[in-house]
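1. Provided below are the primary sequence and the corresponding predicted coordinates.
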Amino acid sequence: MSAPPDSGGRTTRAFTPDFLTELFRNPLDPGYADAAARRRESPAPAGWRGASTRAVSVVVIAVVGFLFAVAYRETMADEPSRSQARAGLIAQIKQRESETDEMTARADRLREEVGRQRDAALSGSQAARLRNLEAGTGLGRVRGDGVVVRLADAEPKDDDAVSGDSDAGPPRVIYTDLQKVANDLWASGAEAVAINGQRLTATSTIRSAGAAILVDFRPVTSPYEVTAIGPRSMRDKFDESRAAYLMRRVAKETGLSFQVRDAEDLTLPAAPEPRLRYAQPSVSPSPSPSGSGDRSSSPGPSGSGTSPRPSGGVR
């Protein structure tokens, strides 16, 4: 159906009863065509439009530049205070480290003095037996030949964030690696074991706190050296252990470093004095009437609750 021309010669849109067909035939609203025709008949001056565009661009650039200038000024104004606070924190850390080293050295001197006074008060056989017990429990300094196991994190790669951890675990040493190595060194005949100079005892713990590894609640960092004093057969037994096999496979798949070497004349320091704890009898709760008492929400020894696994990954 054609549309009749108007008095100006333009074709007007005719509305037919079939609105859906007409919508597909003429999807553009006639108002757009009228506006385009008016622009063709009386075009706006090009110079005015270009001048307005340039003026708007200049204003936007000026506003953005002003905002950048204000942000830079505020950042530079706060920089001295941040630098001063950071320098103060660094100075406090260094001071605390120095005080800790001095107190540790003083504790070692006092421990040696106590040992000399004790040996003088005891007979020769009793003093020798006590020294042997201290060496076996980790409370005495020991020297001898042994094995050094060195573990180090893999070098960071650009594709780590994309590929993620492999089946063997993360490409870094985790706390369970040190646990396995220390346990298999004990099983191989080690008489004394230390991790990065921290002596292990029967009550020592190797755990993680976030990405940090703690040995007896003291942080240790990569590279990790697990030093053990023991018989000559200890190296061969450890090489055949499950921990050595696992770490060699992990090192091959993830790129972390795992090395085992013999060492002579090793010296392992004494562990800190243990903090003795005494058991206290538990107070039994009074029985409540059947059906009226509230049940405790915390599981008992036979409950199904489990403690959360420490962070740091597993293999």
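-> Structure's in. What do you need?

2. Now stretch 204-215: buried residues?
-> For stretch 204-215, the neighbour count (16 or more other Cβ atoms under 10 Å) marks 204, 206-208, 213-215 as buried. From N, CA and C alone the C-beta is placed, and that goes for glycine too.

3. Now for those: which two are most distant?
-> Ser204 and Ser208 (14.5 Å; Cβ to Cβ).

4. Could you look up the SS state of the closest residue to Pro274 other than its chain neighbours?
-> Excluding the flanking residues, the one nearest Pro274 by Cβ to Cβ, 6 or more residues apart in numbering is Thr203, at 6.3 Å. Assigned with DSSP: H, G, I helix; E, B strand; the rest coil, Thr203 falls in the coil class.

5. Nearest residue to the middle of the chain?
-> Ala211 (2.9 Å; Cα atoms, centre = their mean).

6. Just the helices from the protein, written as ranges.
-> When assigned using DSSP state H, the helices of the chain occupy the ranges 19-25, 30-41, 46-121, 124-137, 160-163, 175-187, 234-239, 242-254.

7. any idea of the mean pLDDT in stretch 92-106?
-> Averaged over stretch 92-106, pLDDT sits at 88.

8. Kindly report the same for stretch 257-264.
-> 94.

9. Relative to the whole chain's centre, how far out is that stretch?
-> Centroid displacement of stretch 257-264 relative to its chain, using Cα atoms, centre = their mean, to the nearest Å, is 27 Å.

10. which other residues reach it?
-> Stretch 257-264 is contacted from outside by 145-154, 223, 227, 235, 238-239, 244, 247-248, 250-251, using Cβ atoms under 8 Å, 6 or more residues apart in numbering.

11. among these, which ones are buried?
-> Among the contacts of stretch 257-264, those buried by neighbour count (16+ other Cβ under 10 Å) are 146-147, 149, 151-154, 227, 235, 238, 244, 247, 250-251.

12. Need the worst-confidence member of these.
-> In terms of pLDDT, the lowest of the buried ones among the contacts of stretch 257-264 is Ala154, showing 90.

13. Report the contact partners of that one.
-> Per Cβ under 8 Å, 6+ apart, neighbours of Ala154: 171-172, 254-257.

14. List only buried entries from the residues you listed.
-> 171-172, 254, 256-257.

15. ok, Pro272 - contacts?
-> Residues counted as contacts of Pro272 (Cβ under 8 Å, 6+ apart) are 107, 216.

16. Look at the closest residue to Ser204 other than its chain neighbours and say how many residues are nearby.
-> Closest residue to Ser204 apart from its sequence neighbours, by Cβ to Cβ, 6+ apart: Asp216 at 5.3 Å. Asp216 has 17 neighbouring residues, counting by other Cβ atoms under 10 Å.

17. And Asp216, what's its pLDDT?
-> Confidence score, pLDDT, at Asp216: 88.

18. again with the one 10 residues further on
-> Reading off the per-residue confidence, Val226 sits at a pLDDT of 96.

19. Which residues does stretch 127-142 contact?
-> Against stretch 127-142 from outside (Cβ under 8 Å, 6+ apart): 115, 118-119, 122, 191-192, 199-202, 204, 229, 267-271, 273-274.

20. what pLDDT does Thr21 get?
-> 72.

21. I misspoke; the intended subject was Pro5.
-> The model's pLDDT for Pro5 equals 51.

22. And for Leu185?
-> On the pLDDT scale, Leu185 is placed at 96.

23. give me every residue that touches the residue nearest to it when sequence neighbours are not counted.
-> Counting by Cβ to Cβ, 6+ apart, Leu185 lies nearest to Ala228, which is 4.4 Å off, once chain neighbours are set aside. By Cβ under 8 Å, 6+ apart, the contact list for Ala228 reads 146-149, 185, 188, 190-194, 234.

24. again, only using 7 Å
-> Counting by Cβ atoms under 7 Å, 6 or more residues apart in numbering, Ala228 touches 146-147, 185, 190, 192-193, 234.

25. and which of these is nearest Ala36?
-> Ala36 lies nearest to Leu185 out of the contacts of Ala228, by Cβ to Cβ, at 86.8 Å.

26. Look at that closest one and say how many residues are nearby.
-> A total of 27 residues lie near Leu185 under the criterion other Cβ under 10 Å.
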